[in-house]
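Student: kindly generate the corresponding structure for this input.
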Amino acid sequence: MRIAVTGSIATDHLMSFPGRIAEQLIADQLESVSLSFLVDELEVRRGGVAANITFGLGKLGVTSYLVGAVGQDFEEYRAWLERHGVDTASVHVSATKHTSRFLCTTDQDFNQIASFYPGAMNEAREIELKSVADRLGGLDYVVISANDPDAMVRHTEECRQRGYKFVADPGQQLARMDGDSVRKLVQGAEFLFTNEYEHGLLLQSTGWSHDEVLAQVGSWVTSLGAKGLKVESANGPTLEVTPPKEKQKGDPTGVGDALRAGFLAGLSAELGLERALQLGCTLATVSLETDGPQEYDIERESFLARIAEAYGETAATEIGAKLR
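Tutor: Residues are numbered from 1 along each chain as shown. Okay, here's the model as predicted:
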């Protein structure tokens, strides 16, 4: 199955400040703040929604096609993704801008000062999906994840025009897009993904009722954190899937991306909807146990054992038969 994943590609620069940011602020001089922190640690992590999803697919043995915009500083990151089964040939490289960066300083009380530089991501609107489809001989699914808003709308409209099945996954961009743009992202989606907060925000942004959204999409998947997820459709029963119990809790960044990767791997393997979602929930739990959205690993037998423990031996057998 040819799955193109569009969306952000970024690096995260995460720093730890051993003091308290609040103690560095002077109340009567807030209009002219000029602060510099000496930090103890710096972690540089690979990230971006689309890159995280394709990494997870690669971990499950599924080659997917990354579509996004980066800077000329991307080559080391490209090599990493390609080593993990990701096709990066359709990534646009900017001639002038750097790859997106998230820079964040966290103090001992978990207060943060952060900046996000979109950089080359703004050029994602220049990418045409037809060129990707022509190279691959067609597209079975296109994932529209958080990205430059104009790129998201363009990719969605092209999917409708050319008949590509697509997954709408607007994520954090819901908060900055107007109702008309959000409606364009949703209409005709085979699957719509949101978390619980985004679920309500989407209704507010579009002005649609819950049933009106369901009339626009094939299935609406809402992740519910530790409670798992639920899937609703206009013409079918609601399906609920709970995740396996985590062994430990790490950084939650990228857990939702792992969920989507496992689900897409299930679609690629032609598993049923419930099995695909169980696969997604298991991969999300593995991601949650690890710090960093692309730092987890999978050992086949222990991974299938977790599926069996959570969902039964039949589920593990059916999923195991399709996993490479």
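Student: wait, residue 142 sits on residue 130?
Tutor: No - look at residue 142 against residue 130 with C-beta atoms under 8 Å: they stay out of range, at 11.3 Å. Where C-beta positions appear, they are placed from N, C-alpha and C, glycine not excepted.
Student: quick one, which of those two is more surrounded?
Tutor: residue 142 (26 against 13; other C-beta atoms under 10 Å).
Student: what helix or strand is that one located in?
Tutor: strand 141-145 (DSSP states H and E).
Student: which SSE is immediately downstream of that strand?
Tutor: Sequence-wise, the next helix or strand downstream of strand 141-145 (DSSP H and E) is helix 149-162.
Student: for the residue nearest to residue 118 when sequence neighbours are not counted, give me its contacts.
Tutor: Computed as C-beta to C-beta, 6 or more residues apart in numbering, the closest residue to residue 118 that is not its neighbour in sequence is residue 100, at 5.4 Å. Residue 100 makes contact with 8-11, 48, 70, 116-121, according to C-beta atoms under 8 Å, 6 or more residues apart in numbering.
Student: same thing but at 10 Å, please
Tutor: 8-12, 47-48, 68-71, 116-122, 124, 147-148 (C-beta atoms under 10 Å, 6 or more residues apart in numbering).
Student: the strand holding residue 142 to helix 149-162, inter-axis angle?
Tutor: Here strand 141-145 points in a direction 160 degrees away from that of helix 149-162 (axes from the mean of the first three to the mean of the last three C-alpha atoms, to 10 degrees).
Student: average pLDDT for strand 141-145, rounded please.
Tutor: For strand 141-145, the mean per-residue pLDDT is 98.
Student: helices or strands up against that strand?
Tutor: Judged by 3 or more C-beta pairs under 10 Å, 6 or more residues apart in numbering; DSSP states H and E, strand 141-145 is in contact with strand 3-6, helix 49-59, strand 64-67, helix 129-136, helix 149-162, strand 166-169, strand 191-195, helix 255-268.
Student: re earlier: distance of the residue nearest to residue 118 from residue 73?
Tutor: For residue 100, the distance to residue 73 equals 11 Å [C-beta to C-beta, to the nearest Å].
Student: circling back to that earlier point, Provide the strand pairings for the strand holding residue 142, with the direction of each partner.
Tutor: Its sheet considered, strand 141-145 pairs with strand 3-6 (parallel), strand 166-169 (parallel) by DSSP bridges.
Student: lovely, talk soon.
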